[in-house]
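K.L.:
sharing a model prediction with you, sequence too.
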Amino acid sequence: MMVTINSGSNPQIKEIVKLQKSARERKKKQMFVVEGYRLAGEAASSGRLRKLYLSESAVAECRAGEHWDTLGQYPHEVVADVVFRGMSDTVTPQGILGLAEMPCYSLDDILQDRRRSILLLDDIRDPGNLGTIMRTAEGADMSGVILSRESVDLFNPKVVRSTMGAIFRVPFYYAEDLVSAAGKVRQGGIPLYGTMMQGSILYTEADYRMGAAVVIGNEANGISEPIAALCEGVRIPMAGKLESLNAAVSAAIMMYEVFRQRCL
């Protein structure tokens, strides 16, 4: 009979809480937390799930679930409900939580992809934006996402949830120097297009068919000057009195235009 973990002082529980709260801890351990049946299943499908934790009240439901044939192969612990709520990052936990190993990609993995469709994120800070962007990048069939080191941690719990599993499938790379990484993209013959209010052409007028790297800037300040100097500015037309679009919305518009042209 499996013993229930009844204390938040249990070393395993303390480790989960640290991973939920600290980007430094996640980076050090190269592990992160996935919550909910769907994300646990995505982690298992990717081969990166390492262990599961089930709340005491959800054990029967989890074990009867359609994916338990796969999930049940992993080591798992039963946790008292009150302790599970303390280790969860969600308001209404589903009763299943997993430890997953971080995916790892190189810049070359992205640059050498045959699709030659790349997204560069210059200091994106909002977790919801980043999660939505990663999810959209999968839908738009992008080669991968290159992030500045200042951007929000991709393994932040809110980001992970927002990706809806795309975190396991879309290649990504945190660049210590985004200017240098952007230079390597250009050296590979892939032009850079930055979304700017004063862009010289409409975003639909550029030719992305032979490859394109789209740059999306910080939510408040836009694209930094050193990166902007490497880009051709493109603008997304807006009616009304809006000053700008949400970063994730701009990224989606650009990625799907690249995808549309590539499919012509």
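P.N.:
Perfect, thanks for sending it. Numbering: from 1, shown residues only.
K.L.:
was I right to think residue 36 contacts residue 94?
P.N.:
Yes - the pair residue 36 / residue 94 is scored as a contact, 4.7 Å apart, by C-beta atoms under 8 Å. (C-beta placed from N, C-alpha, C; glycine too.)
K.L.:
next, give phi and psi for residue 235.
P.N.:
Per-residue torsions, residue 235: phi -120, psi 150 (degrees, to the nearest 10).
K.L.:
so it bridges to which residues?
P.N.:
Going by DSSP bridges, residue 235 is paired in beta bridges with residue 202.
K.L.:
and for it, the neighbour number?
P.N.:
By the criterion of other C-beta atoms under 10 Å, residue 235 has 16 neighbours.
K.L.:
likewise for residue 70?
P.N.:
Neighbour tally, residue 70, other C-beta under 10 Å: 14.
K.L.:
now the helix or strand containing it: buried residues?
P.N.:
Element membership for residue 70 (DSSP states H and E) is helix 68-71. Buried residues in helix 68-71, counting neighbours by 16 or more other C-beta atoms under 10 Å, are found at residue 71.
K.L.:
ok, now stretch 121-136?
P.N.:
So stretch 121-136, judged by 16+ other C-beta under 10 Å, has buried residues 121-124, 126-127, 129-136.
K.L.:
again, but for stretch 93-104
P.N.:
Quick answer for stretch 93-104 (16+ other C-beta under 10 Å): 93, 94, 95, 96, 97, 98, 99, 100, 103.
K.L.:
now do the end-to-end distance for that stretch.
P.N.:
28 Å (C-alpha to C-alpha, to the nearest Å).
K.L.:
what's the distance between the nearest residue to residue 151 once chain neighbours are set aside and residue 147?
P.N.:
Closest residue in space to residue 151, ignoring its immediate chain neighbours: residue 124 at 4.7 Å, by C-beta to C-beta, 6 or more residues apart in numbering. Residue 124 sits 7 Å away from residue 147, taking C-beta to C-beta, to the nearest Å as the criterion.
K.L.:
over to residue 173?
P.N.:
Distance from residue 173 to residue 147, by C-beta to C-beta: 7 Å.
K.L.:
of the two, which one has the most company?
P.N.:
Remark: of residue 173 and residue 147, residue 147 carries more neighbours, 24 against 19, as counted by other C-beta under 10 Å.
K.L.:
which strand residues bridge the more buried one?
P.N.:
Under the criterion used (DSSP bridges), residue 147 bridges to residue 121, residue 174.
K.L.:
is it true that it touches residue 121?
P.N.:
Yes - at 4.7 Å, residue 147 counts as touching residue 121 under the criterion of C-beta under 8 Å.
K.L.:
any weak-confidence spans in the stretch 1-150 of the chain?
P.N.:
1-2 (pLDDT under 70).
K.L.:
can you give me the strands in it?
P.N.:
Taking DSSP state E, counting those that start in this stretch, the strands of the stretch 1-150 of the chain run over residues 4-5, 31-35, 49-55, 76-79, 96-101, 117-121, 144-148.
K.L.:
between those, which one is closest to residue 17.
P.N.:
Among those, strand 31-35 comes nearest to residue 17, with 9.3 Å by C-beta to C-beta.
K.L.:
can you list the strands that the closest one pairs with?
P.N.:
Under the criterion DSSP bridges, strand 31-35 sits next to strand 96-101 (antiparallel) in its sheet.
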